[in-house]
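Engineer: just a sequence and a predicted model for now, questions to come.
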Protein chains: 2
Amino acid sequence: MNWQALFPQFEPGLIKLIEQEAVQRSFKAGEVIMRTGQYIKSAALVLKGQIKIYREGQDGGEFLIYYLAPGQACAVSMICAIQSTTSEITAIAEEDTELLMIPVQLMDDLMNTYKSWYQFVIQTYRSRFDELLSVVDNIAFHNMDERLEFYLKRYADKTEKRSIELSHQQIADDLNSSREVISRLLKKMEQRNMVKLHRNMIELV
Amino acid sequence: MNWQALFPQFEPGLIKLIEQEAVQRSFKAGEVIMRTGQYIKSAALVLKGQIKIYREGQDGGEFLIYYLAPGQACAVSMICAIQSTTSEITAIAEEDTELLMIPVQLMDDLMNTYKSWYQFVIQTYRSRFDELLSVVDNIAFHNMDERLEFYLKRYADKTEKRSIELSHQQIADDLNSSREVISRLLKKMEQRNMVKLHRNMIELV
DNA sequence: CGGCTGTTGTGATATCGGTCACATTGTATC
DNA sequence: GATACAATGTGACCGATATCACAACAGCCG
């Protein structure tokens, strides 16, 4: 696979080293990639597919934090790999997904040797940290209607489509809400001409 | 000031370099150290005092994310400094505070040269990231009564006292709630024998 | 003391969102 | 078409919390 195109900033030496040492892994849609409390032994770069990162509540509820797309990396796995500790999140493949796993032993070395890797790691931390902050914003300052709008927009951005193929139940789960609430809010959005509702599909207008 | 005791893991060369290049700054209690949107030109290490890190909503509301104590560093300032971008948070000195400001130009160099600095930065990222995750937990999965308990416990831990010298209004602001709600919840906690209420002071039992 | 100001207590009311019960509709399968 | 199942619509109800109005109280200063 021509994965280098996803990371154009990487230096040739870095690419070669990763090619030698990293392991590629595949996950089917719906498969759990990482579970809360699990030990992390490699940093993960996304080559293909989409990953959902969840936080789990004690009561069994799930809460979607953000997505990871090809060309991005899991900040949590990086931090955990470097420190050999456990993760506090759950990662699920939303589509069939290919990951490049960088063994933990390599991390310090890459960090010291390759400026482009160092920059990449810092960049990854920053964008995940910012996303986490905007998640806090959302639940701290916004009602469910605004959070739903944000959710739909983000989903549309991610898939680059105007149509969102999700059931109301799936959306409710991601927002840690209930199906009826989401249905009602979507109806209101339809009345305000923001969306058109179909079965298993929401169309943004 | 004998600041090295706060960072016992730092190598001698690192300490010396910081001593030469870093600038110490003082802030009075209540002073704003960093404002949303402000440009960051140094990473901040806390030497003395307490800093509150807030996220601001559009409507003017504030939301307390976490505290920084002596021996800790501001992850946001580090990331922003390395990337020369703006912060998305507000930092306020809760007590009179002393900071050690590491100029941005030094960051890459320290990172490459001193293993103990590299470890410190990674450790800082990780703990702030985890704290942010537990903030998400709190507001996503818990009602105000549990959040209030968490808030009081955290405050007591921070000050290492059983008594919390805050008005109900201040607590409400930090939790982005309203004074009446906090008063009522505190009353309930008092009835359950968890606290004793006084004027401008709450006593944990 | 009397008045001012900030803190806390309390009831009434409104809204949002969660939950339950059940109806309706769309799609697939036989 | 008949059946079954999943998705969606809808009304009733309730608890959590925000908001308003106002009372009670404590501390400070003239």
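Structural biologist: Received it, and whenever you're ready, just let me know what you need. Numbers count the residues shown, from 1 in each chain, chains lettered A, B, ... in the order given.
Engineer: tell me which parts of chain A are close to DNA strand C?
Structural biologist: Contact residues (Cβ under 7 Å from any atom of the strand) of chain A with DNA strand C: A:143-145, A:176-178, A:180-181, A:185, A:199. The C-beta positions use only the backbone N, C-alpha and C, and glycine is treated the same way.
Engineer: would you mind checking these for buried ones?
Structural biologist: Buried subset of the residues of chain A next to DNA strand C (neighbour count, 16 or more other Cβ atoms under 10 Å in any protein chain shown): A:144, A:176-177, A:181, A:185.
Engineer: leaving aside the residues adjacent along the chain, what's closest to A:Met189?
Structural biologist: Once flanking residues are discounted, A:Met189 sits nearest to A:Val195: 4.9 Å by Cβ to Cβ, 6 or more residues apart in numbering or on different chains.
Engineer: ok, now A:Gln169?
Structural biologist: In space, A:Gln169 is closest to A:Arg179, 4.8 Å off (Cβ to Cβ, 6+ apart).
Engineer: do the same with A:Thr97
Structural biologist: Using Cβ to Cβ, 6+ apart, the nearest residue to A:Thr97 is A:Gly49, at 3.0 Å.
Engineer: next, give phi and psi for the one you found.
Structural biologist: Here is the backbone geometry of A:Gly49 (degrees, to the nearest 10): phi 100, psi -160.
Engineer: hang on, A:Arg147 is in a strand, isn't it?
Structural biologist: No: the assignment for A:Arg147 is helix, going by DSSP: H, G, I helix; E, B strand; the rest coil, so no strand is present there.
Engineer: doesn't A:Ile202 make contact with the residue nearest to A:Met189?
Structural biologist: Yes: at 5.3 Å, A:Val195 and A:Ile202 qualify as touching, with contact defined as Cβ atoms under 8 Å.
Engineer: and chain A, which residues reach chain B?
Structural biologist: Proximity of chain A to chain B, by Cβ under 8 Å from any Cβ of the partner chain, involves residues A:55, A:57-59, A:61, A:63, A:65, A:75-76, A:79-80, A:82-83, A:85, A:88-89, A:108, A:111-112, A:118, A:122-123, A:125-126, A:128-130, A:132-133, A:135-137, A:139-141, A:176.
Engineer: can you turn the buried part of those residues into a ChimeraX selection?
Structural biologist: Buried subset of the residues of chain A next to chain B, written as a ChimeraX selection, criterion 16+ other Cβ under 10 Å:
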select /A:55,63,65,75,76,79,80,82,83,88,89,111,118,122,123,125,126,128,129,132,133,135,136,137,139,140,141,176
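Engineer: I'd say the residue nearest to A:Thr97 and A:Pro70 touch.
Structural biologist: Yes: between A:Gly49 and A:Pro70 there is a contact at 7.2 Å, judged by Cβ under 8 Å.
Engineer: would you confirm that A:Ala81 contacts A:Met101?
Structural biologist: No: at 9.4 Å, A:Ala81 does not count as touching A:Met101 under the criterion of Cβ under 8 Å.
Engineer: more crowded one of those two?
Structural biologist: More neighbours surround A:Ala81 than the other of A:Ala81 and A:Met101, with 24 against 17 (other Cβ atoms under 10 Å in any protein chain shown).
Engineer: how far does the host helix or strand of the more buried one sit from the chain's center?
Structural biologist: Per DSSP states H and E, A:Ala81 falls inside helix A:75-83. How far helix A:75-83 lies from its chain's middle: 15 Å, per Cα atoms, centre = their mean, to the nearest Å.
Engineer: stretch A:8-20 too?
Structural biologist: For stretch A:8-20, the distance to the chain centre is 24 Å (Cα atoms, centre = their mean).
Engineer: strands along chain A, start to end?
Structural biologist: Under the criterion DSSP state E, strands of chain A are mapped to A:23-27, A:32-34, A:42-48, A:51-56, A:62-68, A:90-93, A:97-103, A:163-164, A:195-198, A:201-204.
Engineer: by how many degrees do the worst-scoring helix or strand of chain A on mean pLDDT and strand A:51-56 diverge?
Structural biologist: The least trusted helix or strand in chain A, going by mean pLDDT, DSSP states H and E, turns out to be helix A:75-83, with a mean of 79. If you take axes from the mean of the first three to the mean of the last three Cα atoms, to 10 degrees, helix A:75-83 sits at 80 degrees to strand A:51-56.
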